[in-house]
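**Student:** Starting from these lines, generate the structure:
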Amino acid sequence: MKRCMVAIGLLAALCACGQRTEEGVVSSDDPLSVITQENLYKHIAYLADDALEGREAGLQGYDLAAKYVAEQYAAIGLEPGGNEGWYHQVELQTYLMDPQGAELIVHRDGGDITLEHREDFVAIGDKVRGNNEIRAEVVYIGYGVHAPELGYSDLDGVDIDGKIVAIFGGGPQLIKGDKLAHYSSGRTKWKELVERGAVGAIALRDRKSEEANPWSRAKQVIAAKPSQTWVNVAGEASDYFPQIRGAVAISPEFATALFDGTPLSFEDALDASEASEVRSVPLGFEVTLKRKTTHERINSPNVIGLLRGTDPELADEYIVYTAHLDGKGRTPVPIDGDDINNGMYDNAMGTAIMIEAARALAANPPRRSVLFIALTAEESGLLGSAYFAHYPTVPNGSIVANVNMDMPLFLFPLDEIVAFGAEHSSLGAVAEAAATAEGFTLVPDPLPEEILFSRSDQFSFVRQGVTAIWLHTSNNSSDSNIDGPAVVQDHLNNHYHKPSDDLTRPIDWDSTLRFTRVNAQIGWTVGNDDARPTWNDDSFYGNLYAPQ
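**Tutor:** The predicted structure is shown next:
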């Protein structure tokens, strides 16, 4: 750690020697000066153009974006780092519900009730099978979280063997931070639920979900387009639980009716979930779930450039920079006549920053090697990063750190940035020094309840035991006349994952340039340090995924 801090100090001193202009460009004696507004804008303008149709993984627009990134890597002087030249092909399985095959029938003592698809409920497709049907008793299980060591379990004392579970997404707020992220993840929940015998699921919507995305809109977009999962080398769909033979999401109105006459009203269930109270109980009736799913196998590449390290020994170790290249594609429900989700901030911006960080590092290569990966299918569930983390194009164990770039927002001038994951490893000190060198203050996560560190591509590397960090922008503006949190919330409410996330959005270029330089400086520091980054002793993820 001491050697690391010495390297950070030397780097900060070096960067301070470069004379910055008012436009934020560094003088030619600083390799960071190759990062320019002109280059950043060029990348963003191409990647967020309507012609790429939102860069959806597996479609032509994404392939055009991948070709563009490969051309930029070549121009910078990187080497191809994929297993097919620049490309690292990811096999994806798509699955789409056939609405004609979707049924939800409630069986009560007074008779059967058949519900209307895309009005009362939406069926969720099966990753592998074409046809499913299951009839079983329904048991309400709250969040479905089992964390007895934290004093909480929705599953103790309730039998779900052979049952369909009615379940909220997320987890109880009495569990905080990284532990909440782990225990509330679908992967963790469903592993526990299928071990206890669950055979189907009814997804309930809590008040927060309904406020953020009302059912009137959600019912039109849930499962309206093909979903995706990555396929392993054995040809099997990842994170697949074949025990679950039916799954639906239901409207709040239908949920109220569904719980009527049971030991628990839906309002009581909502109140209990908000209060982190366990109220799991059999609901006393059965339902039949039917679904028909169509499938297709497609390929979509990660795009990988390699910068060779200068040290004969350390060059066999790798820092991995990542930014997801894919976007949301076209929306099934146009907004103001526009159906292309251009994804300028999410994540043409992150990709542009990665390309320019690559340009700077190539101008002064570090001792370790560096991979720059434009990732596919992040929007489908971190699929491209998960595939690479499982099947890297470099030897297992040779990746020492991941630096991820995903949707920084430069909506106003900034003097604060956030480093998600800083508390978990020695990368936190590296990020803080790099930020300081560019005039930023590193501030804590402004939205810890959103547990964002587990929701972007760096988490695929964390799950393989690799230290990782994700720099993001603060919600606070350095201009006291701007209400930063309000501006950010407006973007999240009205532009995030919507067609209006395009080049009409404001960009503070001075903040963008400095932020890009911070990302590059992290690579130099880690790349030149004698020692690898290390997990902190008290890191939940370090102890969970890299206990040695």
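**Student:** Buried residues, the helix ranked longest in the chain. List them.
**Tutor:** If you go by DSSP state H, the chain has its longest helix at helix 509-528. Of all the residues in helix 509-528, those buried under the rule 16 or more other Cβ atoms under 10 Å are 510-528. (C-beta placed from N, C-alpha, C; glycine too.)
**Student:** Residue nearest the middle of this protein, spatially speaking?
**Tutor:** The residue lying closest to the centre of the chain (Cα atoms, centre = their mean) is residue 456, at 2.7 Å.
**Student:** and that one, what is it in contact with?
**Tutor:** 324, 378, 382, 404, 406, 420, 470 (Cβ atoms under 8 Å, 6 or more residues apart in numbering).
**Student:** Beta-bridge partners for residue 237, please?
**Tutor:** residue 231 (DSSP bridges).
**Student:** Do I have it right that it meets residue 127?
**Tutor:** Yes: Residue 237 is within contact range of residue 127, at 4.6 Å (criterion: Cβ atoms under 8 Å).
**Student:** and for these two, which residues touch both?
**Tutor:** 93, 229.
**Student:** Below-threshold pLDDT in the stretch 51-200 of the chain: ranges please.
**Tutor:** For the stretch 51-200 of the chain, no stretch is flagged by pLDDT under 70.
**Student:** Where do the strands of it begin and end?
**Tutor:** Applying DSSP state E, counting those that start in this stretch to the stretch 51-200 of the chain gives strands spanning 79-80, 87-97, 103-108, 111-114, 121-123, 131-140, 146-147, 152-153, 164-168, 200-204.
**Student:** contact partners of the fifth one?
**Tutor:** Contact partners of strand 121-123, identified using Cβ under 8 Å, 6+ apart, comprise 97, 99, 101-104, 115, 117, 219, 222-223, 246-251, 254, 289-291.
**Student:** now do 7 Å
**Tutor:** For strand 121-123, the external contacting residues (Cβ atoms under 7 Å, 6 or more residues apart in numbering) are 97, 102, 104, 115, 117, 219, 222-223, 248-250, 254, 291.
**Student:** from these, which single one is nearest residue 275?
**Tutor:** residue 250 (22.2 Å; Cβ to Cβ).
**Student:** Cross-check the contact I'm expecting between that closest one and residue 201.
**Tutor:** No: if you go by Cβ atoms under 7 Å, residue 250 and residue 201 don't touch, sitting 10.6 Å apart.
**Student:** Those two: who's more crowded?
**Tutor:** residue 201 (24 against 21; other Cβ atoms under 10 Å).
**Student:** so residue 175 touches residue 188, yeah?
**Tutor:** No: using Cβ under 7 Å, residue 175 is not in contact with residue 188; the gap is 11.8 Å.
**Student:** what about the two, which has more around it?
**Tutor:** It is residue 175, of residue 175 and residue 188, that has more neighbours when counted by other Cβ under 10 Å, with 20 against 17.
**Student:** lowest average confidence, helix or strand, in the protein?
**Tutor:** The weakest-scoring helix or strand in the chain, judged by mean pLDDT, DSSP states H and E, is helix 2-17 (a mean of 34).
**Student:** Report the next helix or strand after that one in sequence order.
**Tutor:** helix 37-47 (DSSP states H and E).
**Student:** And for that following helix, what's in contact with it?
**Tutor:** In contact with helix 37-47 (Cβ under 7 Å, 6+ apart) are residues 55, 65, 68, 344, 348-349, 351-352, 355-356, 503, 509, 512-513, 516.
**Student:** just stretch 164-178 next, same as before
**Tutor:** 134, 136, 138-145, 147, 150, 152, 180, 183-184, 193, 198-204, 206, 209, 273, 276, 283, 287, 289, 448, 451, 540-541.
**Student:** Check stretch 395-402 too.
**Tutor:** Against stretch 395-402 from outside (Cβ under 7 Å, 6+ apart): 316-320, 322, 368, 392, 427, 458, 461, 466-468, 526, 532-533.
**Student:** send the alpha carbons of that stretch over as PDB?
**Tutor:** C-alpha atoms of stretch 395-402 as PDB (Å, rounded to 0.1, in the frame of the first residue of the first chain):
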ATOM      1  CA  PRO A 395      -5.200 -16.100 -18.400                       C
ATOM      2  CA  ASN A 396      -7.400 -16.600 -15.400                       C
ATOM      3  CA  GLY A 397      -6.000 -14.800 -12.400                       C
ATOM      4  CA  SER A 398      -4.100 -12.200 -14.500                       C
ATOM      5  CA  ILE A 399      -6.700  -9.400 -14.200                       C
ATOM      6  CA  VAL A 400      -5.800  -7.200 -11.200                       C
ATOM      7  CA  ALA A 401      -8.400  -4.500 -11.400                       C
ATOM      8  CA  ASN A 402     -11.500  -3.200 -13.300                       C
END
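**Student:** average pLDDT across that stretch?
**Tutor:** The pLDDT scores in stretch 395-402 average 96.
**Student:** do the same with stretch 472-492
**Tutor:** Rounded mean pLDDT across stretch 472-492 is 96.
**Student:** Distance from that stretch to the middle of the chain?
**Tutor:** On the basis of Cα atoms, centre = their mean, to the nearest Å, stretch 472-492 sits 22 Å off its chain's mean C-alpha point.
**Student:** just stretch 47-64 next, same as before
**Tutor:** Using Cα atoms, centre = their mean, the offset of stretch 47-64 from its chain centre is 19 Å.
**Student:** Could you pull out the buried residues of it?
**Tutor:** For stretch 47-64, by 16+ other Cβ under 10 Å, it's 47-49, 52-59, 61-64.
**Student:** How about residue 66, nearest residue that isn't a chain neighbour?
**Tutor:** Setting aside the residues directly before and after it, residue 66 is nearest to residue 303 in space (Cβ to Cβ, 6 or more residues apart in numbering), at 4.9 Å.
**Student:** got it, and residue 144?
**Tutor:** For residue 144, the closest residue by Cβ to Cβ, 6+ apart turns out to be residue 167, at 4.4 Å.
**Student:** Strands of the stretch 401-548 of the chain, start to end?
**Tutor:** Per DSSP E, counting those that start in this stretch, the stretch 401-548 of the chain carries strands over the ranges 416-420, 441-443, 468-473.
**Student:** Sweet, I'm off.
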